[in-house]
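Engineer: the following comprises the amino acid sequence and a computationally predicted model.
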Amino acid sequence: MTHTATQPALDAPLHDARGFDELPRLMGLMTGDEKHGPAATSTLDALWVPYDRVLRVSPATADDPDRDRFLPSKGHGPMAYYAVLAAKGFFPADWLPDFGAYHSPLGHHPDRVLVPGVEIGSGSLGHGLPLAVGTALGLRAQGRTGPAVWVPLGDAELDEGSNHEALAYAGAAGLDRLHALVVDNSSAAHGWRGGIASRFGAAGWSAATVDGRDHEVLHAAYRAPHPGRPHAVVARVEPKNATAPARPRRAA
C-alpha cells in the first residue's frame, strides 16, 4: 500500500519574512558557553528558509508519519537551529536563556528526546547523512512517497569517510526524497577539485552551489526538480574566521 502526504495539515509553510527579523534577538538570548559560534551563524539563513518555506512539518505535525524529516548532522553550534525552532513555535522562547546549562534541554548538541521538533541526536561529525539515507530507505520500504528527508551538513564533515559511503549509496539507489544541504564556510581540511557539488554529481546526485545568504536563491535551489536522484545544495557563506554580514541578504 502506498501512503501519500496528509493534506492540508502537511502543506509547505507560508512565507513569514518578519519571523527572520526575530532571529538575532532569539540568538542573543543564548548566552551560555558556546564553543562553535561560526558554525551557528554560518547556518542561519540556510536553516531558516526550509522551515519558513519548504518543510512540511510544524509543531502540530511533528509526530505525523508523513511529515518531512530534518536531520541536523551539523549539530554542533546549534544556536541558529534552536532560534529557528523557537521562532516557529516548536518550543517556548523562554527556554533559550538557559542554553547550555546543566538543567536545560538545550544542550550543545541537539537531543531528540529533550527538544521538540528535533529528529536525531547529533553533533559527532559524519553521522547525519548515513542516518538520512537509512530514513529515506525506511520511508521507501513503507511505501511513504510523500515525506522528504533533509540533512544539513558542514563542509568539513565531508572529510569523514562515512559520508562518502552514504552519498555513493544514495546516488546508486536513486533516493529522490533525500536532500543534502552543505553549508560551506571553508572549514574542510581537504576540499574537492571542482567544488563540493562535483563530488555529489559524480555519485549520481543532482547538485547546485548557491549563495548561502540569499533567501530567494536558496529557496529556488531547495525546490529545484530532481527526478530519480537525490539532491544536494551547497550553500556558500563567508569563511568561518571572517566576519559575517551584519544583516544576511534576503528578499524584502
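Structural biologist: Looks like it came in fine.
Engineer: may I see the buried residues of stretch 104-113?
Structural biologist: Ser104, Pro105, Leu106, Gly107, His108, Pro110, Asp111 (16 or more other Cβ atoms under 10 Å). The way it works is simple: take the backbone N, C-alpha and C, and place the C-beta from them, glycine included.
Engineer: and which of those residues is nearest Arg67?
Structural biologist: Using Cβ to Cβ, Pro110 comes nearest to Arg67 of those, at 17.0 Å.
Engineer: can I assume the closest one is in contact with Gly117?
Structural biologist: No. Under the criterion of Cβ atoms under 8 Å, Pro110 makes no contact with Gly117, lying 9.2 Å away.
Engineer: quick one, what contacts the residue most central in space within the chain?
Structural biologist: Against the mean C-alpha coordinate of the chain, by Cα atoms, centre = their mean, the closest residue is Pro152 at 3.5 Å. The contact partners of Pro152, taken as Cβ atoms under 8 Å, 6 or more residues apart in numbering, are Thr43, Ala46, Leu47, Phe70, Pro72, Ser73, Lys74, Gly128, Leu181, Val182, Val183.
Engineer: what about it, which SS state?
Structural biologist: When classified by DSSP: H, G, I helix; E, B strand; the rest coil, Pro152 comes out as strand.
Engineer: that one and Gly128: what is the separation?
Structural biologist: 8 Å (Cβ to Cβ, to the nearest Å).
Engineer: overlap in contacts, the two.
Structural biologist: Shared contacts of Pro152 and Gly128 (Cβ under 8 Å, 6+ apart): Pro72, Ser73, Lys74.
Engineer: put together TSV for those, with neighbour count and distance to Asp94 on each row.
Structural biologist: Below are the shared contacts of Pro152 and Gly128 laid out as TSV (neighbours: other Cβ atoms under 10 Å; distance: Cβ to Cβ, whole Å):
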residue	neighbour count	distance to Asp94
Pro72	25	22
Ser73	28	28
Lys74	29	26
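Engineer: and the strands in the protein?
Structural biologist: 69-70, 149-154, 178-184, 206-211, 231-236 (DSSP state E).
Engineer: need the helices for the stretch 51-200 of the chain, in chain order.
Structural biologist: For the stretch 51-200 of the chain, the helices defined by DSSP state H, counting those that start in this stretch occupy 79-87, 128-141, 161-173, 196-202.
Engineer: hang on, the earlier thing: now mean pLDDT and distance to Thr135 too, for the strands of the chain, in CSV please.
Structural biologist: Below are these laid out as CSV (pLDDT from 0 to 100; distance: least, Cβ to Cβ, whole Å):
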stretch, mean pLDDT, distance to Thr135
strand 69-70, 98, 6
strand 149-154, 95, 5
strand 178-184, 96, 8
strand 206-211, 98, 19
strand 231-236, 97, 15
